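Colleague: Predicted model and sequence below, questions to follow.
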Amino acid sequence: MSSNGFTKDLVAFFKHVRHLWGRCPHCDQPFRLSDARISTSPNPPRDWLRRLERQQAQIEEQDQQVTLREMQVSSKEGELSDAEYDLGCREDRLERDAKKRVQEILKSKTEIQGLIRAASRDAVKRSRATLLGRMLERMAPCFRKFAYDPRDMRAICDPFDYVLFDGLTVERQVKEIVFIEVKCGRGRLSGVQRGVVQCVDQRRIHSEVWEIGDPDIPITRQMLHGTRRALPPAGADESSAE
């Protein structure tokens, strides 16, 4: 008889004989050999404990892999931090070298120093000229040779300095409307200002009157009742410049 067949017969014998007893080596409790699960396989039976052990082994292996990856990431972060520190040191060193080089050039080159002083003087002159020009623009209506009443002036600053309503203050009747731009030194009209002058010369000027809301209802009442509305220009009064 082969050993395999003998083992099977022995297992079958223990399963059917109930008068044979054994003792557990762990808890020291007696048990029938027929109640024990006897197998001829070299591997233990696939019960829930075995599955749990396999799952626990897989989890431990995954934990080891995660720990290894964390160590690799930490190592990469350290290398990156070192590289950033080295780069910052190089930038600081380059900046210091550049400043030192510029100072050496400025100390050794008298021509450059002269150019710097000339540029500073030129900037101061331009600043003074600009401030003086702005001051003269504000004072121009007060000069004796100014042919209009300064009280008729209205400052709009852009695109022209003033708009003159001749006769507004004394006569209470506007005889003429004039756009006035004050220039000092070599100042010239800008492109926008030349366009305004061209519109005036070609008489491309008109006036409009806009009415908002219903003229038969007081505006306060319209505002309270939410009936405010904008109407199209009514009775547009077009007049050409002289």
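Modeller: Nice, I can see it.
Colleague: Where does pLDDT dip in this protein?
Modeller: 1-4, 6, 37-49, 106-113, 127-145, 185, 226-242 (pLDDT under 70).
Colleague: Look through it and tell me its longest helix.
Modeller: In the chain, with assignment by DSSP state H, the single longest helix is helix 48-108.
Colleague: Could you check how far that helix is from the centre of its chain?
Modeller: With CA atoms, centre = their mean, to the nearest Å as the basis, helix 48-108 stands 28 Å off its chain's centre.
Colleague: now do stretch 184-196
Modeller: Its chain's C-alpha centre and that of stretch 184-196 lie 39 Å apart, by CA atoms, centre = their mean.
Colleague: Give me the domain ranges for this structure.
Modeller: Per automatic domain parsing, the structural domains of the chain span 3-35, 52-79.
Colleague: Please report phi then psi for the spatially closest residue to Trp21 that is not a sequence neighbour.
Modeller: Of all residues beyond its chain neighbours, the one nearest Trp21 is Pro30 (5.2 Å), with distances taken as CB to CB, 6 or more residues apart in numbering. (C-beta placed from N, C-alpha, C; glycine too.) The phi and psi values for Pro30, taken as degrees, to the nearest 10, are phi -80, psi 150.
Colleague: Is Arg172 located within a strand, as I assumed?
Modeller: No: Arg172 is assigned coil when assessed by DSSP: H, G, I helix; E, B strand; the rest coil, not a strand.
Colleague: residue contacts, it?
Modeller: Applying CB atoms under 8 Å, 6 or more residues apart in numbering to Arg172 gives no contacts.
Colleague: circling back to that earlier point, report the separation between the residue nearest to Trp21 and Val209.
Modeller: 119 Å (CB to CB, to the nearest Å).
Colleague: could the domains of the chain go into JSON lines alongside mean neighbour count and distance to Phe165?
Modeller: Shown next, in JSON lines, are the domains of the chain (neighbours: other CB atoms under 10 Å; distance: least, CB to CB, whole Å):
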{"stretch": "domain 3-35", "mean neighbour count": "10", "distance to Phe165": "115"}
{"stretch": "domain 52-79", "mean neighbour count": "10", "distance to Phe165": "74"}
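Colleague: Switch those over to TSV; also include distance to Gln202.
Modeller: Conversion of the domains of the chain to TSV gives the following (distance: least, CB to CB, whole Å):
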stretch	distance to Gln202
domain 3-35	116
domain 52-79	73
